[in-house]
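> Sharing a model that was predicted from the sequence below.
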Amino acid sequence: MSKLPSKRDETLGGYIVHGIPFPVDTDPDSLAFLKKMAPILIEQEYKITYLHSYAQDSPWFAGLANKHLLASQRPDGGYTYANPRGHDMYTGEETRWIDITDVPAHVHAFTVCYFGSEEFLPETPFVLALIEFEGVNTLLLTRLMGVDPAAPSLDWIGMEVRPQFLRNSKLKPTDVYFAPKG
Amino acid sequence: MRPVYAISGGVSKFAKTRPDKTFQAVIKEAYDYAINDLGLDFETFTRLVDGSVASYFSDHFARQLMAGIMAQDYLGLCPKPGHRVEGGGATGGLCFQEAWKSVASGHMDICVAYGFETMSHVETWKGNEFIALASDISFDYPVGGFYSGYYAMMVTRHMKEFGTTPEQLAHVSVKNHLNAYYNPYSQKRNRYTIQDVRNAPMVAWPLTRLDICVMSDGAAATILVSEEGLKKLEAAGAEIARPLVKVTGIGRGTDAMRMADRPHFDYDTFMSDYATEQEKSSDETRAYYRKLWDHGTRYPGVHSFRAGRTAGNMAWKHAGISDPLNELDFVELHDAYTSSEIQTYEDLGLCRYGEGGEFAASGKAFMPGIDYGLDLPEKSACAVNPSGGLIACGHPVGATGLMQAVFAIWQLQGTVKKHFNDDRLQVRDAKRGAIHSHAGTGTYVSVSVMEREG
């Protein structure tokens, strides 16, 4: 049997207080006593919306929205990046786009996340994977579906997979995910 | 470059939360300790110190830009020169090296490096989110958004390629937690078994909660000087421990922010550009690596840290080290995860690539004289994380690398008992040690070597 929680989950929220205990007089003894005062903690909300540009990588997201997985390749047909990259890191040359949607792909590494950062907690457990593509020199980080997050296995590494695309694009890298080729 | 000596340090108690003090006042705890350990008073040191380097990772945690100048101001160091460095988890290690540069270059005779992080101001899950912003926010963060997940993927690859086991990872957790049991500065002082580690809540398979460091509030400070700085301090009444501790090796490396973009080099490239001198010179090791490559291993891939190997090789060359395992008495390394300690054994050449798991369970990295409750087949060869490391001491990011420096100084001065009120973590007759600081998924790594003179 799994261990039962012994603590309640807590939030940062609290009451609005109209009055803080403080000495009635500010004589030296009372002021000295303030050194023993516990700290006051308050909530400070910080929220901001960024206008984020995908810039030269934008065609990659447009590709996903149209169910194509693009990659970046050196103009001589050499080094190929599964992630978009405007310039080759070895020659400094501008890369060109190639379509790797139908290139054979396999799981290179994976994990199952049972916890996460705040934004992704509602999605746990989820499977993260790095995918390798034939003829492509680097990997792609993605979500892996179609495997049981309750039964992770090293046998998943090497498994052939294929890309799947969201029907309604969110213009995020999660517009593409992978599943076992079946 | 001039000789540089690390003469003193201080660490605040690392804790889950420090609401009792502002970050400046927590830094002052560590700073005052370092000054007092020299036998100097605040005003005398303030008059003599030439400047500072400040270290903190995330503006998000403090929700305060330019926190460095607020610390400089609070410590009474204005208008002396100072700047902030930032390099993710390696921030503290980089800060130490920036202070070294200031002294070695002749720009300063006395430089103080201080660092902090206050991670308790947000809930753990939001903290995970902030840390994950140190991954590419266009391509990595939206997919995973979780550093433990990134590291767990490295683990599964390491397990698949080299046969590393979760139980071998757990040996690191047992070792570091028990070391920290004797370290009064550490955040977690617990005894665990391999079973405790494996039965802890699973975070990202196969890493459990006890394979992963915690978030902390804390600060650390170190004082670095030239020979001229030493004379100035001693003329003012400082009592500086002899033999001196000298910084003898500095190394740094980097790698691509996106782990997926790391190269997969062939055998010849690895041997020519990344192998240690020891690996290159051994027929048996070259044959071992040839066999790995024949079975599909490529370097660094996601199982190894090219930045760590680059930093290590650079620091060893600088310090004249050719056999780190036998020429270092201890290493304080960046064990944000048990798995990253194992990966770093390999990067630093304490063992060969692929042998980190076996090395972890061998006993070679354990402290002699401490009963870990484990059946360890070999004797200690080079204690790794005798302080308890990040996993047990805590990881207030900007302070962590400097904490390692402070503990290394105390080891080499032979003063662990004085500072810990316990000598079980004192590495006997420690002459040479290294500190290793590591960022992101292996993006910035620093390695610094310190030696006791004489």
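Nice, thanks for sending it over. Fair warning: this is a prediction, and the values are worked out from it, not measured in the lab. Numbers count the residues shown, from 1 in each chain, chains lettered A, B, ... in the order given.

> Could you use CA atoms for every contact and neighbour count after this?
Fine.

> Now do the spatially most central residue of chain A against chain B, distance only.
Using C-alpha atoms, centre = their mean, the residue of chain A that lies closest to the mean C-alpha position is residue A:120, 7.7 Å off. Distance, residue A:120 to chain B, by C-alpha to the nearest C-alpha, to the nearest Å: 7 Å.

> Report how many residues lie close to the closest residue to that residue other than its chain neighbours.
Nearest residue to residue A:120 in three dimensions, chain neighbours excluded: residue B:145, at 7.2 Å (C-alpha to C-alpha, 6 or more residues apart in numbering or on different chains). Residue B:145: 27 surrounding residues under other C-alpha atoms under 10 Å in any protein chain shown.

> dump the residue contacts of residue B:145.
Residue B:145 makes contact with A:116-117, A:119-120, B:128-129, B:132-133, B:135, according to C-alpha atoms under 8 Å, 6 or more residues apart in numbering or on different chains.

> Residue B:227 too?
Here residue B:227 is in contact with B:3-5, B:109 (criterion: C-alpha under 8 Å, 6+ apart).

> if you look at those, which of them are in strands?
With strands taken from DSSP state E, the overlap with those comprises B:4-5.

> Take the contacts of residue B:227 and lay them out in JSON lines including distance to residue A:169.
Below are these laid out as JSON lines (distance: C-alpha to C-alpha, whole Å):
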{"residue": "B:3", "distance to residue A:169": "59"}
{"residue": "B:4", "distance to residue A:169": "57"}
{"residue": "B:5", "distance to residue A:169": "58"}
{"residue": "B:109", "distance to residue A:169": "59"}
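
> Using PyMOL, define a selection of the buried residues within the contacts of residue B:227.
To isolate the buried subset of the contacts of residue B:227 in PyMOL, counting by 16 or more other C-alpha atoms under 10 Å in any protein chain shown, use the following:
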select buried, chain B and resi 4+5+109
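
> quick check, nearest of the contacts of residue B:227 to residue B:365?
Proximity of the contacts of residue B:227 to residue B:365 (C-alpha to C-alpha) peaks at residue B:5, which lies at 26.7 Å.

> how about the residue nearest to that closest one when sequence neighbours are not counted, what does it touch?
Spatial nearest neighbour of residue B:5, chain neighbours left out: residue B:246 (4.3 Å); criterion: C-alpha to C-alpha, 6+ apart. In this structure, residue B:246 makes contact with B:3-6, B:450-453, judged by C-alpha under 8 Å, 6+ apart.

> go again using 10 Å as the cut-off
When contacts are counted by C-alpha atoms under 10 Å, 6 or more residues apart in numbering or on different chains, residue B:246 touches B:3-7, B:224-226, B:409, B:412, B:432, B:449-453.

> same thing with residue B:289?
B:267, B:270-271, B:275, B:279, B:295, B:297, B:352-354.

> For it, grab phi and psi.
phi -70, psi -40 (degrees, to the nearest 10).

> how close does it sit to residue A:37?
Using C-alpha to C-alpha, to the nearest Å, residue B:289 is found at 62 Å from residue A:37.

> cool, residue B:1 as well?
Relative to residue A:37, and taking C-alpha to C-alpha, residue B:1 is found at 50 Å.

> Kindly report the same for residue A:67.
61 Å.

> higher neighbour count, these two?
residue A:67 (18 against 11).

> How about the secondary structure of that one?
When classified by DSSP: H, G, I helix; E, B strand; the rest coil, residue A:67 comes out as coil.

> Please name the residues that touch residue 170.
You didn't say which chain, so I picked chain A. A:61, A:64-65.

> try again with chain B
Listed by C-alpha under 10 Å, 6+ apart, the contact partners of residue B:170 are B:176, B:192-198, B:207-208, B:210-211, B:338-339, B:357, B:360-361.

> and the residues you listed, which are buried?
B:176, B:192-194, B:197-198, B:207-208, B:210-211, B:338-339, B:357, B:360-361.

> Tell me how many other residues crowd residue 26.
Defaulting to chain A. Neighbours around residue A:26, by other C-alpha under 10 Å: 11.

> actually chain B
25.

> Assign the closest residue to it other than its chain neighbours to helix, strand or coil.
Nearest residue to residue B:26, sequence neighbours excluded (C-alpha to C-alpha, 6+ apart): residue B:219, at 6.2 Å. Secondary structure for residue B:219, judged by three-state DSSP, is strand.

> ok, residue B:219 - contacts?
B:10-14, B:23-31, B:55-56, B:114-118, B:396-400, B:402-403.

> ChimeraX command for the buried members of those?
Entered in ChimeraX, the line below selects the buried ones among these, by 16+ other C-alpha under 10 Å:
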select /B:10,11,12,13,14,23,24,26,27,28,29,30,31,55,56,114,115,116,117,118,396,397,398,399,400,402,403
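
> about what we covered before: name the member of the contacts of residue B:145 with the most neighbours.
Ranked by neighbours (other C-alpha under 10 Å), the contacts of residue B:145 are led by residue A:116, which has 27 neighbours.

> My guess is that residue contacts residue B:143. True?
No: applying C-alpha atoms under 10 Å, one finds residue A:116 not in contact with residue B:143, separated by 11.3 Å.

> rewinding a little: mark which of the buried ones among the contacts of residue B:170 are part of strands, please.
Using DSSP E, these in strands are B:207-208.

> burial of residue B:58, as a residue count?
Neighbour tally, residue B:58, other C-alpha under 10 Å: 24.

> sorry, back to before: just the pLDDT for the residue nearest to residue B:5.
With respect to pLDDT, residue B:246 has a value of 98.

> Quick check: next helix or strand after the helix or strand that contains it?
Assessed by DSSP states H and E, residue B:246 sits inside strand B:245-254. Sequence order places strand B:264-265 as the next helix or strand after strand B:245-254, per DSSP H and E.

> who does the host helix or strand of residue B:392 touch, helix- and strand-wise?
According to DSSP H and E, residue B:392 maps onto helix B:389-393. When contacts are defined as 3 or more C-alpha pairs under 10 Å, 6 or more residues apart in numbering or on different chains; DSSP states H and E, helix B:389-393 packs onto helix B:166-181, strand B:330-332, helix B:338-347, helix B:397-413.

> if we go to 8 Å?
helix B:166-181 (3 or more C-alpha pairs under 8 Å, 6 or more residues apart in numbering or on different chains; DSSP states H and E).

> hmm, what's the outermost residue in chain A?
Chain A, C-alpha atoms, centre = their mean, max distance from centroid: residue A:27 (55.3 Å).

> What about residue 42, how many residues nearby?
No chain was given, so I picked chain A. Neighbours of residue A:42 using other C-alpha under 10 Å come to 10.

> my question was about chain B
Neighbours around residue B:42, by other C-alpha under 10 Å: 14.

> Also residue B:423?
By other C-alpha under 10 Å, the burial measure for residue B:423, its neighbour count, is 16.

> Give me the spatial nearest neighbour of it, chain neighbours excluded.
residue B:417 is the one closest to residue B:423 (C-alpha to C-alpha, 6+ apart), at 4.3 Å.

> looking at this, residue B:186 is in a helix?
No: counting by three-state DSSP, residue B:186 is not found in a helix; it is coil.
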